[in-house]
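Colleague: Sequence first, then the predicted structure:
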Amino acid sequence: MNVKLRVLSAGAVFFMGASMLAQKKKSDTTETKIQEVVLVGGVKLDPAVKLGSYTVVSKANFESTPVASVDEVLNGRVAGLTFSTTGGDPGSTNMITIRGVGSLIGTPNPLYVIDGVIVGKGSDNSQVMESWNPLASIDPNTIEKVAVLKDASATALYGARGANGVIVITTKKGRYNQKTKFNFSTDMSIQEIAYDKQKYMNASEYLQWGGLMYVNQARRAGQTLDMQTAIDQFATSQNYDGHTDENWQKRVQRNNSIVNTYNFSASGGGENTSFRLGGSYYQNQPLILNSKFDRISLSSAIDHKFGEKLTLSFVNNFTNVERNTYDDGGAYRNPWLTNWYIAPIYPAYNKDGSYNQTNLGNGNENFNPLAVQNLDFMTGSIKTFVSSLNAEWQIVKGLYANSLLGVQYQAVDEKKFWHPTIADGLNYGGYVLEARTSAFDWNWNNSLSYRKVIGDLHDFQVYAGMEYQEHKYYAMGAQGDQLAKPLPFLSLATHFLSPWEDRFKWTQISYYGRLNYTFDGKYNLAGQLRRDGNSTLGNKKNGNFWSIAGSWSVAKENFLPETFTDLTLRANYGQIGNIPYADQWGVQYNTFALLSPSSLYENEAASSITAAGNKNLVWEVSKQYNLGLDFGVLNNNINGSVDVYQRRTVDAIFSYTTAEESGGPSSYYANVGDILNKGVEVTMNFKPFNKEFKWIIDANFAYNKNTIESLVEKDYLFMDGTSNNMRALSPGHLLGEYYTFDWAGVDPATGNGLFYTDASHTATTSNRTEAKRVWQGKSPFPKYTAGIKTEFRYKNWSLSAFFTGQFEYSVHNRWQNFTLGDGSQINNQITDALYNSWTPENPNAANPIQLPNNTSTAAGPSTRWMRDGDHIRLKEAKLSYSFGRLFKESVGIDNLSIYLRGVNLWLYTFDKNLTFDPEANSNAGGGAWNGKGLYDYTSPIMKSMSFGISLDF
């Protein structure tokens with residue numbers, strides 16, 4: 001039995017043991033209240049008549065977290081939800097998939113809705129910063145609950161933007177008839193890199209590696225070279241000063257990363273008015289020198305009743321983020337690349353204390369990374385408003401009118417500065433770039449609802465409404481170089497480069513209806529219809545989408561034993577429209593053929609086609625079914641749900657290549673094929689002990705298989721260059737499946753790297769160009785995900801541990817040819833190049849012979865780069881103590897709680913050769929699927945230890 005199966009088997013035994021304990025404690029129970037979810041137009045997902053598949057995550061998971069963005073908190077807590085990040089730098093974009101990837105372009109993220117305001121899919125709005133996640137503007141401490149909607153029945157009312165799932169965020173409010181209560185909480189965290197097993201050479205090892213290459217080169221030429229002589233020759237060729245041993249990564253880092261959080265709120269209400277006012281300050285000083293993320297948040301919520309008929313609700317959230325960040329990925333100034341692009345034999349400073357600019361290795365002149373961090377900068381100032389005004393009017397008994405106006409406004413002010421004495425700025429005489437971006441989204445939803453109960457048997461609910469959405473994006477920028485003074489002001493530029501200005505707008509208008517019918521409280525039916533019209537499509541802008549659902553509350557039948565407190569069967573089917581690019585700016589007019597001016601030709605102005613256009617572009621349609629079972633036994637001490645689903649995307653939109661002789665744009669958007677997702681989700685909750693000592697276990701498990709079912713041509717093959725051409729799209733294969741050369745190891749006789757010539761693995765070659773690519777059966781998206789939280793409560797103590805896991809997927813290092821290049825790159829290497837490479841004395845090493853300026857293909861992309869991403873992570877551990885009302889009489893404190901919390905404390909990887917975090921992504925794919933599982937030295941994911949205090953008074 002392999003390690004992975006042993007772990008899963010242990011989990012099964014653990015669950016069975018928990019079930020037996022729960023049966024023994026049958027009479028010791030507490031009631032668990034499932035929270036109601038409010039959708040558009042006041043439509044409610046009532047857990048008593050649950051029809052769709054959705055999960056609610058409570059506020060306790062979001063309060064005083066050390067993370068910058070709410071979406072990271074959902075990681076592992078929702079079955080079928082897969083999370084990964086494009087960087088540990090706070091404010092970086094994240095990727096969330098719910099039940100797999102349903103589109104070939106655009107972000108696969110779900111739609112986010114905050115208090116009825118449709119805020120998009122977390123798409124990057126930045127122009128200068130490497131990435132910006134708009135969800136990092138939301139203060140997690142304001143959140144009351146988050147509902148993750150998964151299937152057609154749950155998401156259909158959100159129409160064309162809900163095909164990838166919907167995340168409904170509800171912020172905190174006050175309560176009627178409650179005296180004013182105050183809360184103050186603070187949290188201090190210390191952070192460091194969560195997982196990094198890459199061991200880079202120090203100066204001694206680097207020189208030995210260079211000497212080894214020279215020895216190997218001489219041996220191949222039939223000569224003999226002494227190792228020490230070879231080391232001396234390499235040191236001379238690299239201009240080594242004889243004593244430097246620089247750790248460049250430490251040079252560009254702080255000693256540690258500190259996160260401080262402060263929150264204050266007041267809430268309460270009288271007979272007709274309730275309110276909540278809150279403010280918070282989140283201060284994050286990441287590891288990289290001079291980087292920062294500071295967020296100030298203000299929130300308010302007011303509800304007022306005008307008599308018995310009319311209620312008004314107003315919610316407003318404002319945040320201001322001040323961010324200092326840096327380039328990532330393959331950018332030469334990415335501070336996380338310093339491990340390998342500058343060797344440890346070069347000093348950071350000259351003897352006179354000035355920055356070393358000239359002795360940094362071949363090609364690195366003037367690119368001292370420490371100087372870059374201290375003198376250059378990239379900043380962003382982001383202001384975000386999210387507000388909604390909701391009115392509900394009871395016209396007559398059972399008949400209600402609901403109107404909601406939601407607004408999101410985000411202003412992004414960015415600046416980049418290159419100092420004229422170093423790096424890129426030296427070539428430009430200094431450089432300043434300033435950009436202004438504003439995104440304005442608003443939606444207005446109006447609906448009527450009517451409910452009628454006849455004879456305590458028939459319960460009818462009818463909803464009808466319309467919604468209008470408008471989305472605008474304005475961006476402009478100016479840039480200049482040859483600065484009169486070395487200061488970061490555009491007015492000091494003596495030479496101005498091309499400015500730019502972009503204005504985009506798209507709209508959507510929708511009409512919807514929903515009918516719910518319940519008979520005798522046992523049998524439930526619901527149907528919903530929505531018609532969406534979207535301005536970004538071609539001639540056919542409108543689409544009709546629908547879903548139908550039914551459930552049977554078996555637990556209410558007389559024939560079911562009293563052991564069952566809940567047993568509900570659910571089924572639904574629906575067809576939901578989708579436009580995958582709508583939430584990413586710049587492609588709103590792609591259905592049109594666009595012209596732009598070009599250079600003059602014989603004194604005549606010329607124009608060229610920049611977009612081919614496609615008037616026949618139509619909706620992607622997501623056809624989904626879901627079968628579900630909810631159960632609870634022993635007074636709900638054991639409860640859970642099982643869902644089986646299938647989601648087929650038809651007419652998937654993708655970039656279609658034009659004929660080469662056309663002379664115009666090389667591609668255009670078209671409906672090209674079908675994508676299939678199918679899977680199973682299981683959620684379980686146990687209470688083995690439920691008296692004064694409580695033990696609570698929450699667990700979830702999900703399986704998803706994501707395949708390309710068909711494309712325009714049977715043999716169509718799209719190689720993805722972003723991922724080193726190691727992954728591809730083709731009918732009958734996993735979405736983004738690895739399609740690369742099979743590494744066969746090292747020839748023990750010669751030290752050459754070997755490749756299998758084809759999938760049969762019957763022959764090998766040392767020349768990769770003589771081998772064929774092979775489908776690997778693995779993609780960057782895990783087939784299996786799991787999460788388990790166990791919590792112990794005794795009196796005022798609480799101890800919990802939360803584990804997550806992702807299995808059956810592969811990842812790779814985008815720059816492995818630099819970090820382990822077999823001598824093809826004379827930059828710093830990981831230590832395997834020295835200690836685990838071929839020599840006559842070590843013929844069975846994992847890596848080929850090291851040679852200076854190696855021209856073999858062994859270092860190129862192949863399965864040598866692939867790693868299993870399978871892992872188990874201790875996502876969170878927390879110990880807390882509540883003093884209760886101990887200090888009530890003395891100092892007026894209703895409750896004082898203290899806690900210790902750790903996040904991302906431990907990671908177990910099944911592949912012992914995996915040296916980087918398997919949950920890391922690249923934003924090189926623009927937030928789309930091809931950035932998943934691609935490690936390119938973006939900021940690493942962080943682990944943290946926190947101490948926090950919360951006061952209620």
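Modeller: Good, I have the coordinates.

Colleague: hang on, His761 packs against Trp743?
Modeller: No - counting by Cβ atoms under 8 Å, His761 sits too far from Trp743 to count as a contact (11.0 Å). For glycine as for every other residue, the C-beta is placed from the backbone atoms N, C-alpha and C.

Colleague: so where's the stretch 1-150 of the chain shaky on pLDDT?
Modeller: Within the stretch 1-150 of the chain, the stretches with pLDDT under 70 are 1-35, 48, 87-88.

Colleague: Helices of this structure, residue ranges please.
Modeller: Per DSSP state H, the chain carries helices over the ranges 3-24, 70-73, 152-155, 203-220, 227-237, 248-251, 338-341, 369-375, 423-428, 816-819, 832-835, 888-891.

Colleague: Compare the mean pLDDT across these and name the weakest.
Modeller: The minimum mean pLDDT among the helices of the chain belongs to helix 3-24 (a mean of 36).

Colleague: Run through the bridge partners of Met95.
Modeller: Ser84 (DSSP bridges).

Colleague: I misspoke; the intended subject was Leu874.
Modeller: Beta-bridge pairing of Leu874 under DSSP bridges involves Phe803, Trp906.

Colleague: For it, list the residues it contacts.
Modeller: By Cβ atoms under 8 Å, 6 or more residues apart in numbering, the contact set of Leu874 is Ala801, Phe802, Phe803, Gly902, Asn904, Leu905, Trp906, Leu907.

Colleague: one more time with 10 Å
Modeller: Going by Cβ atoms under 10 Å, 6 or more residues apart in numbering, Leu874 touches Ala801, Phe802, Phe803, Thr804, Gly902, Val903, Asn904, Leu905, Trp906, Leu907, Tyr908, Lys943.

Colleague: Can you say which of these are buried?
Modeller: Ala801, Phe802, Phe803, Thr804, Gly902, Val903, Asn904, Leu905, Leu907, Lys943 (16 or more other Cβ atoms under 10 Å).

Colleague: Output stretch 186-204 as PDB, nothing but the C-alphas.
Modeller: The C-alpha trace of stretch 186-204 is given here as PDB (Å, rounded to 0.1, in the frame of the first residue of the first chain):
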ATOM      1  CA  THR A 186      -6.400  43.100  17.600                       C
ATOM      2  CA  ASP A 187      -4.100  40.500  16.100                       C
ATOM      3  CA  MET A 188      -0.400  40.500  15.700                       C
ATOM      4  CA  SER A 189       1.200  37.900  13.300                       C
ATOM      5  CA  ILE A 190       4.800  37.000  12.500                       C
ATOM      6  CA  GLN A 191       5.200  35.500   9.000                       C
ATOM      7  CA  GLU A 192       7.700  33.500   7.100                       C
ATOM      8  CA  ILE A 193       7.800  31.400   4.000                       C
ATOM      9  CA  ALA A 194       5.500  28.400   4.300                       C
ATOM     10  CA  TYR A 195       7.300  25.900   2.100                       C
ATOM     11  CA  ASP A 196      10.500  26.300   0.200                       C
ATOM     12  CA  LYS A 197      12.900  23.300  -0.100                       C
ATOM     13  CA  GLN A 198      15.000  24.800  -2.900                       C
ATOM     14  CA  LYS A 199      18.600  24.700  -1.700                       C
ATOM     15  CA  TYR A 200      20.900  27.100  -3.600                       C
ATOM     16  CA  MET A 201      24.600  27.000  -3.600                       C
ATOM     17  CA  ASN A 202      26.800  29.100  -1.400                       C
ATOM     18  CA  ALA A 203      30.100  30.500  -2.800                       C
ATOM     19  CA  SER A 204      32.100  27.400  -2.000                       C
END
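
Colleague: now it, how far from the centre of its chain.
Modeller: A distance of 21 Å separates the centroid of the chain from that of stretch 186-204, by Cα atoms, centre = their mean, to the nearest Å.

Colleague: Over to stretch 138-156?
Modeller: How far stretch 138-156 lies from its chain's middle: 16 Å, per Cα atoms, centre = their mean.

Colleague: buried stuff in that stretch?
Modeller: For stretch 138-156, a neighbour-count test (16+ other Cβ under 10 Å) marks 138-156 as buried.

Colleague: How about the lengthiest strand in the chain, which residues are buried there?
Modeller: Longest strand in the chain by number of residues (criterion: DSSP state E): strand 458-483. Residues 459, 461-465, 467, 469, 471-475, 477-481, 483 are the ones in strand 458-483 that count as buried (16+ other Cβ under 10 Å).

Colleague: From the contact counts, what lies against it?
Modeller: strand 117-120, strand 399-418, helix 423-428, strand 431-454, strand 493-496, strand 500-519, strand 523-534 (3 or more Cβ pairs under 10 Å, 6 or more residues apart in numbering; DSSP states H and E).

Colleague: Need the winner for burial among those.
Modeller: Neighbour counts (mean count of other Cβ atoms under 10 Å) averaged over each of these peak at strand 117-120, with a mean of 24.

Colleague: partner strands of that strand, parallel or antiparallel?
Modeller: strand 111-114 (antiparallel).
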